[in-house]
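Asks: model the following, please.
(one chain, ligands or ions: 1)
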Amino acid sequence: MQIGIDQIGFYTPNKYVDMVDLAHARNEDPNKYLIGIGQSQMSVADQTQDAVSMGINATQSYLSQIDREQVGLLVFGTESGVDQSKSASLFVKSALNLPPEVRTFEVKEACFGMTAGVMIARDYVRLHPHHSAIVIGSDLARYGIATAGEVTQGAGSVSLLIKAQPRILTLNDGHSAFSQDINDFWRPNNSATALVDGKYSTQVYLDFFQRTFTDYQKLKNWQTSDFAALIYHLPFTKMGLKANRLAIANQDEATSSRLAANFTAGAQYGRVVGNIYTASLYLSLLSLLENGSLTDNALVGLFSYGSGAMGEFFSGRTVTDYQKMLNPMATQKLLNRRQKLTIPEYEQIFTTALSDPVDDLILVSDEAKGYWYFSGTKNHIRQYRQK
Ligand code: COA
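Replies: Below you'll find the model as predicted:
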């Protein structure tokens, strides 16, 4: 039985910062951000968009096309959780009217959280082939104003429907994982922004990629040249580019130019959305599928990385006519609807969003009709509304 991705939903907030503007404001050469880091824009969430509302918005983009009664599992991967106890997924389940029988919980291991959910979902569907599973990754990447990590911020969510006989990507059996207790990136409980040793994190990421990619090729008895595309967790596109350069070193011309071109296609959305932590790898997948050139049954390798640190390499194959399940024009519309912020506007919105509003204050969202948003707390209980 084939199991894999049948639907992909994506949401990013309605505001962004242009990296040239940010570079000027921080007295940096714009090419450092555009080429050195590889980012052109970053989405910015105001106080009314959090991990939950973004996850609802990403999932509702395909909800009318699925049988809600079949959904037996809902997993929410995030490192921007809204509560220390209650799962973000329960707010989503309620907003989207999913059946009460659904098993639902939140998963955390930095940016690896959504992949953990995908693997749980794959195994769940194998045992429950008549059920489907929704896996959401949703995050706000926040390092702070005028920090080195500022240029690698972003906000957004990707939601996947995992089921038997999927129509986008079948997930191959097997994986290679590698974990180590290290401190390259973390966010203490009392901090709304992350702490990071960016250079160390890059080294560990590349080391984990090489280990897991090599082990995976041994496991499957496959060569680099067997892959149509390799995609990566992209905290900023240069990080993935460095890994891809390692992958294509010493490959024949056809392999290296194919993997380089499909890397660029896979990085297109991340370059303008920024880091969305758990969902970043899956935004690369969407970007590859909507902008790359893949045949049917094309072998796609996926490298997932979560600081702390956990790496995993796995793969999938495109399903015939997978293009019919995608809507690149809708993705472009979502990106183009964003309003460009001046740097002072971004700084003000960013700073306000770092803390929760006072209890009982009703927040008003400037999102378009139909989108969900966080409208404040009532008796310290988070409230979500639809525009
Ligand atoms: N034109 C082109 N490239 C330029 C440049 C210019 N004018 N100026 C600098 N660069 C290049 C540098 O050579 C470097 O490239 P390299 O990485 O290939 O060597 C790159 O731009 C970054 O420069 P650097 O001086 O290293 O930047 P920095 O000290 O400001 O830090 C990060 C960059 C990425 C380390 C920092 O933004 C960060 O920590 N981000 C968070 C990373 C993260 O999210 N990690 C955890 C998640 S997995």
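
Asks: sec struct for the spatially most central residue of the chain, please.
Replies: In the chain, the residue lying closest to the centroid (CA atoms, centre = their mean) is residue 279, at 1.3 Å. Using DSSP: H, G, I helix; E, B strand; the rest coil, the structure places residue 279 in helix.

Asks: hang on, it packs against residue 138?
Replies: Yes: shown here, residue 279 and residue 138 form a contact pair, counting by CB atoms under 8 Å, at 6.3 Å. Heads up, the C-betas are built off the backbone N, CA and C, glycines and all.

Asks: give the buried residues for stretch 168-177.
Replies: 168-172, 175-177 (16 or more other CB atoms under 10 Å).

Asks: so which of those also contact the ligand?
Replies: When these are checked against the ligand using CB under 6 Å from any ligand atom, none falls in range.

Asks: ok, back up a step: excluding its backbone neighbours, what's nearest the residue nearest to the centre of the chain?
Replies: residue 137 (3.3 Å; CB to CB, 6 or more residues apart in numbering).

Asks: kindly list the main-chain dihedrals of that neighbour?
Replies: phi -120, psi 130 (degrees, to the nearest 10).

Asks: now the one 10 residues further on
Replies: Torsion angles at residue 147 (phi, psi; degrees, to the nearest 10) stand at phi -90, psi 170.

Asks: what's the burial count for residue 83?
Replies: Neighbour count for residue 83, taken as other CB atoms under 10 Å: 13.

Asks: quick check, it in contact with residue 381.
Replies: No: using CB under 8 Å, residue 83 is not in contact with residue 381; the gap is 9.7 Å.

Asks: mind listing the shared neighbours of residue 279 and residue 138?
Replies: Between them, residue 279 and residue 138 share these contacting residues under CB atoms under 8 Å, 6 or more residues apart in numbering: 58, 77, 156-158.

Asks: tell me the confidence at the closest residue to the ligand within the stretch 251-387 of the chain?
Replies: Nearest residue of the stretch 251-387 of the chain to the ligand (CB to the nearest ligand atom) works out as residue 307 at 5.1 Å. Per-residue confidence at residue 307 stands at 98 (pLDDT).

Asks: check contacts around it.
Replies: Contacts of residue 307 by CB under 8 Å, 6+ apart are 110-111, 184-186, 196, 201, 204.

Asks: ok, back up a step: tell me which of the shared contacts of residue 279 and residue 138 fall in strands.
Replies: Judged by DSSP state E, strands contain the following of these: 77, 156-158.

Asks: closest one of those to residue 117?
Replies: Ranked by distance to residue 117 (CB to CB), these are led by residue 77 at 4.7 Å.

Asks: poorly predicted segments of this structure, please.
Replies: Along the chain, the model assigns pLDDT under 70 to no residue.

Asks: tell me which parts of it are close to the ligand?
Replies: So far as CB under 6 Å from any ligand atom goes, the chain lies against the ligand at 29, 31-32, 35-37, 111, 148-149, 151-152, 185, 196, 198-199, 201, 205, 235-236, 238, 275, 305, 307.
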